[in-house]
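**Q** prediction below, plus the sequence it came from.
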4 protein chains.
Amino acid sequence: MSGSTFGELFRVTNFGESHGPAIGCVIDGCPPGLELSEADIQPELDRRRPGTSRHVTQRNEPDVVEILSGVYEGKTTGTPICLLIKNTDQRSKDYGNILDTFRPGHADYTYWRKYGLRDPRGGGRSSARLTAPMVGAGAVARKWLHQQYGTTFRGCMTNLGELEIPFEDWKHVPNNPFFAANASKIAELEAYMDELRRAGDSVGARIAVEACGVPVGLGEPLFDKLDADIAYAMMGINAVKGVEIGSGFAVVAQRGSEHGDELTPEGFATNNAGGMLGGISTGQDIRVAIAIKPTSSIRSPKASIDRAGQVATVETFGRHDPCVGIRATPIAEAMLALVLMDHALRHRAQCGDVRHELPPIAASR
Amino acid sequence: MSGSTFGELFRVTNFGESHGPAIGCVIDGCPPGLELSEADIQPELDRRRPGTSRHVTQRNEPDVVEILSGVYEGKTTGTPICLLIKNTDQRSKDYGNILDTFRPGHADYTYWRKYGLRDPRGGGRSSARLTAPMVGAGAVARKWLHQQYGTTFRGCMTNLGELEIPFEDWKHVPNNPFFAANASKIAELEAYMDELRRAGDSVGARIAVEACGVPVGLGEPLFDKLDADIAYAMMGINAVKGVEIGSGFAVVAQRGSEHGDELTPEGFATNNAGGMLGGISTGQDIRVAIAIKPTSSIRSPKASIDRAGQVATVETFGRHDPCVGIRATPIAEAMLALVLMDHALRHRAQCGDVRHELPPIAASR
Amino acid sequence: MSGSTFGELFRVTNFGESHGPAIGCVIDGCPPGLELSEADIQPELDRRRPGTSRHVTQRNEPDVVEILSGVYEGKTTGTPICLLIKNTDQRSKDYGNILDTFRPGHADYTYWRKYGLRDPRGGGRSSARLTAPMVGAGAVARKWLHQQYGTTFRGCMTNLGELEIPFEDWKHVPNNPFFAANASKIAELEAYMDELRRAGDSVGARIAVEACGVPVGLGEPLFDKLDADIAYAMMGINAVKGVEIGSGFAVVAQRGSEHGDELTPEGFATNNAGGMLGGISTGQDIRVAIAIKPTSSIRSPKASIDRAGQVATVETFGRHDPCVGIRATPIAEAMLALVLMDHALRHRAQCGDVRHELPPIAASR
Amino acid sequence: MSGSTFGELFRVTNFGESHGPAIGCVIDGCPPGLELSEADIQPELDRRRPGTSRHVTQRNEPDVVEILSGVYEGKTTGTPICLLIKNTDQRSKDYGNILDTFRPGHADYTYWRKYGLRDPRGGGRSSARLTAPMVGAGAVARKWLHQQYGTTFRGCMTNLGELEIPFEDWKHVPNNPFFAANASKIAELEAYMDELRRAGDSVGARIAVEACGVPVGLGEPLFDKLDADIAYAMMGINAVKGVEIGSGFAVVAQRGSEHGDELTPEGFATNNAGGMLGGISTGQDIRVAIAIKPTSSIRSPKASIDRAGQVATVETFGRHDPCVGIRATPIAEAMLALVLMDHALRHRAQCGDVRHELPPIAASR
């Protein structure tokens, strides 16, 4: 109830702090018989890992995942899977100056007010580092969903600060440090980032993620609508301030005659809905976008107060991403996978494996 | 687990269908000793009620709420409060033509695929009518939060289709059918709606809601962040396709030097964060905005298919709001109140009533 | 979280008080497509109903159940089923004398201390009358389990006070007011009860219930073991003070060489385990026994205190069962059905409908 | 939902298998500011530890606990506390003969049927070794409850097989390997156990546990009654087949005139109820007893079948407790502490820290 467990039937309980001995999670409810080893998980963690380009934090964490339980002779047993990631690079001295002062844009003030004390080392529990175990758990969900339904996940950055990144092709995404689906724009993005770093400032980003090959019927009315749970998952990622499903905020100015996706015997004609109607998946691609705020830790000084309420100035010199959005794509994909996994099990509980009498139409498009 | 219960400690279980005998909810976990009668709840239901202007559905539902349990001699007893709203206007004949055809933009197709059968009368369970019990439950939450902390809630429409509604003053909101915080713009909005109705079309809207007087420290890391739960609550409202907290999607183009709200001995200097940092309330106003898609039921014909997968055309002649966003403001306020109520109890569970050593500063601004 | 919801996937949320306008429950998570009407539920309520013999309370409640939602054209839709039972016989005047005094053995004192106020009419929320909606929900679970797996439920009284009731045949149970599986002992039981009533006293009972035709594999390690959830369900029934699974407390003096049920190619040779091993169903009959304390409301005076802490005497003259155990059999059967129903859905979520490679042996015996 | 999490607000998620790399748990919801180190936890684990006398398994596990998260500078931070216990003594060869054969009384058959595969090493997930993390979590709960309310826990063995162990004094419990509250009976118990071990057999036991200094008002109507949750917790301990609250099964033959505990201005006169009325704590000592079945792993051969359904014989030669009940006392105490801890937080959520107007009487006796 204190917010460290994600999901209802595929439950991921996250633990750890940025600079403690280890971070990790316990996955309870994974179906038995899934072939699983660290090799299924590590590649996703590597996508999120710091230190991979000059545009992200130079903290050097190998983020090696270890499976402590729930797998026997290479298969999941149906019992809890504990993933452990040891913290190796804990240069706490970098953070000494924030012990008594509340950094603007950070959770320092609210943790201290909520709990009466806080672990200041690297943001403690509020660090984005805690997304790493979720990326690990997401890899397990992705593998099962792919085997069961052929579901796949992908994402890209669509905006870096005021720069728009026109979509060209998904194939570009792994070939640049920004997860941009665009080859020709990369030089401009790099120059933009270099200038930003020189200025000691940071910037926001917009990320789009999709799930393809989604079974029809996932999602619960009234409250655990698939889109509601996706919004919950996305807004829970550090620094996210907005979530859109399908056409998102553009629907405000749309007409009903334009918005409602028509059905044809071959499937839906459009996807303004983003793959869900009434909170339940249509079988179309699920489309989500998120807004990520600029990194709060910047070199430029900002006004704040200390614990005594006295005026103070905060300048942050540690290792920080000038745009936390850069590493957000694999995190958002993982969270989307976790939501779908959970709903796949929930659907199976109530409605069973056997599909209902199906219409003779293609569900997706 | 099938999605009809909202909240963890202040749990609202919703039941009923648009055209069944009754709709309602059971509130479990309400603190004992709160003075409560139907008179505390009915006014909020009246704000959401259909049939109040020519711009909303003419379905004539008085929506009279009845308290069936949990109150003794005018006070809550700490046991479940059942709210019942009988359905009186059930003109099912209006909906006969949608029995076999899937209306574009509606949940017809997904319900049928998920469950193998569906109640087509007025949208059944997927009708926005099911928000009425939540408005009722929200009224209980609002009363308790106001007594306990002085918390208040308010909201307004900021955009109707392509029309922006500049904010003038909260006092205008109750004086027009659009929940607009603006007096001079109403004539234009009315003309716009009249034209839309003549065209047999519909349009989207953007709504902003706020909570004022929020205690510091509500919200849980890592997953049940206050903003994540707000996003979940808002995206679960019928027709919502986007959610923003604080500066929302504008953060994409912001710089860190601009975004991070500075602290002063008198409180925060700005509120880009929308009243939450690290998922925990700062004590500032909580600011949320939502995008609502255009009503899917329109007179203009749209292409679809029937249950046999054959081409069909859908025209809807029933009583429908040309802009479902018009009645969304009290719903969004209620959902926000339910989230805060739940987190107030959750905070109390872990951290107790007694406030921690507090900084000698104003928390809110 | 305030304890009014039973189950995780087949969730029953109970509301109401003994003398309020109505009691009832909301069942969320029922699989769609189950044929259901009041006629499936009423017979189970009638088995539990007061006023059916001179040995139970003469309160005359017809306990007529009404389905308010979740059923369309005779079939469950997968959305919440609200069951409503109106209270008709609310002779509150009978209870006037207990407003200020705490009745020994009752929840008066603890409710008042917990909530700071209480509804004293007929025990309010702590009345055994609140088991009626559970019997109703149990009837839904029984129907689905029977259709899906052929599961059936039965129970009988094995002890009435110091009288043992030797098991003869299940066929006797419906033919006497005690749910005794014995025909020859009835006269003695009736005489015993008549004497007890004349003495103004009450007595305890022991009830045994069974589920037959249970699928193998229900129940979760580590905490939601099937037997743990059964113990929770049974101990939650009013007046229950002990629960046994299989050989129960007799295992204390058993040897391992005697206790462990041997397996043969035709199935298990014995059933000391009561149908569960490691908390998971074996496919054998599930066997449970419960101890029910004597009715606390008796005519004989007992010492107590009033709200001011002053000495008081309590004599109860209302309509009360001299042995609450007499009507407990259908309640215990219903609760057992609800536990199995919930675990059937939970099993399906994680392990799917498809059965694993099965051993070529009979599972049950 | 797969049963590895215990509690609602003080949530303990357990992971690991008997012979995997490690076992442990994640505690979420612990109040912040509690002084905590391994030294608070290790002593409780040592009480449960194997290898401490010739009457328990000689498996030599030091069971050293490590705190991986949730504690900063010696105090809990309010974020998840991960406890890790590495498995050091994993002599898997002892268990080779049970790979294909289902041991009578064990979970081998049910795990295999449920999951389609199982980890056979030392019982895998079904091993009683998984109670160790719960004893660890229980130590945290005990410390907080003691600081907050002065609550303490104690327990003893009351029956070893057919031998009754008359209660003399709590002070004897730590001075003998049986947790017997009796000094003069120890020699007889030791001789009994030696003979049993020579015979290659095992025996059951009865354990009583108590909580003293319990606040009034813990426990929820209707389903999460304090006694229902205690029954759930106790029946979830490996090998438990019966649970009694207060007078337990003796209530069957009691009269109402005898059973109902009278109140006096100085407190309750008796404690037949075991410290709860209507599922809510009275402030009296909470009294619970459990029946533990004889160890299933015995040297004497038993008939069974193998995975092909063929007749097989099982003899177990590994290191096993001839009476698993011997080490059950600290486990039962820990589970009782976890239930009370959870309900203390739940009570605080709904009813707040501030006590209601209290009667001028002593609550407990």
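**A** Ah, there it is.

**Q** any idea how far the lengthiest helix in chain A is from the middle of the chain?
**A** Counting by DSSP state H, the longest helix found in chain A is helix A:328-351. With C-alpha atoms, centre = their mean, to the nearest Å as the basis, helix A:328-351 stands 12 Å off its chain's centre.

**Q** just checking, what packs against it?
**A** Using 3 or more C-beta pairs under 8 Å, 6 or more residues apart in numbering or on different chains; DSSP states H and E, the elements in contact with helix A:328-351 are helix A:38-48, helix A:132-149, strand A:152-160, strand A:205-212, helix A:226-235, strand A:286-292, helix B:108-115, helix C:328-351. All C-beta atoms are positioned from the backbone trio N, CA, C, and that covers glycine.

**Q** reformat these as a markdown table; add mean neighbour count.
**A** Shown next, in a markdown table, are the helices and strands packed on helix A:328-351 (neighbours: other C-beta atoms under 10 Å in any protein chain shown):
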| stretch | mean neighbour count |
| --- | --- |
| helix A:38-48 | 18 |
| helix A:132-149 | 23 |
| strand A:152-160 | 22 |
| strand A:205-212 | 23 |
| helix A:226-235 | 30 |
| strand A:286-292 | 27 |
| helix B:108-115 | 26 |
| helix C:328-351 | 27 |
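
**Q** need these in a markdown table (columns: distance to residue C:100 and mean pLDDT).
**A** Shown next, in a markdown table, are those (distance: least, C-beta to C-beta, whole Å; pLDDT from 0 to 100):
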| stretch | distance to residue C:100 | mean pLDDT |
| --- | --- | --- |
| helix A:38-48 | 64 | 95 |
| helix A:132-149 | 56 | 97 |
| strand A:152-160 | 64 | 98 |
| strand A:205-212 | 62 | 98 |
| helix A:226-235 | 48 | 98 |
| strand A:286-292 | 59 | 98 |
| helix B:108-115 | 52 | 94 |
| helix C:328-351 | 30 | 97 |
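
**Q** now tabulate the ones you listed in JSON lines and tack on distance to residue A:184.
**A** Output for the helices and strands packed on helix A:328-351, formatted as JSON lines (distance: least, C-beta to C-beta, whole Å):
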{"stretch": "helix A:38-48", "distance to residue A:184": "23"}
{"stretch": "helix A:132-149", "distance to residue A:184": "29"}
{"stretch": "strand A:152-160", "distance to residue A:184": "14"}
{"stretch": "strand A:205-212", "distance to residue A:184": "19"}
{"stretch": "helix A:226-235", "distance to residue A:184": "29"}
{"stretch": "strand A:286-292", "distance to residue A:184": "22"}
{"stretch": "helix B:108-115", "distance to residue A:184": "39"}
{"stretch": "helix C:328-351", "distance to residue A:184": "47"}
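
**Q** so which of those gets nearest residue B:298?
**A** Proximity to residue B:298 (C-beta to C-beta) singles out helix B:108-115 among the helices and strands packed on helix A:328-351, at 14.7 Å.

**Q** run through the residues that contact the residue nearest to residue A:148 when sequence neighbours are not counted.
**A** Nearest residue to residue A:148 in three dimensions, chain neighbours excluded: residue A:344, at 7.1 Å (C-beta to C-beta, 6 or more residues apart in numbering or on different chains). By C-beta atoms under 8 Å, 6 or more residues apart in numbering or on different chains, the residues touching residue A:344 are A:145, A:148-149, A:215, A:218.

**Q** from what I can see residue A:314 touches residue A:98, true?
**A** Yes. With contacts counted by C-beta atoms under 8 Å, residue A:314 reaches residue A:98, the gap being 7.3 Å.

**Q** among these two, which residue is more densely surrounded?
**A** Higher neighbour count among residue A:314 and residue A:98: residue A:314, with 26 against 20, using other C-beta atoms under 10 Å in any protein chain shown.

**Q** what's the spacing between the more buried one and residue A:107?
**A** To residue A:107, residue A:314 is 14 Å away according to C-beta to C-beta, to the nearest Å.

**Q** same check, this time on residue A:53
**A** When distance is defined by C-beta to C-beta, residue A:53 is 26 Å away from residue A:107.

**Q** look at those two and report which has more neighbours.
**A** Taking other C-beta under 10 Å, residue A:53 and residue A:107 do not tie; residue A:107 has more neighbours (27 against 14).

**Q** pLDDT score for the more buried one?
**A** In this prediction, residue A:107 carries a pLDDT score of 95.

**Q** residue of the stretch 251-365 of chain A nearest chain D, please.
**A** The nearest approach of the stretch 251-365 of chain A to chain D comes at residue A:345, 8.3 Å away (C-beta to the nearest C-beta).
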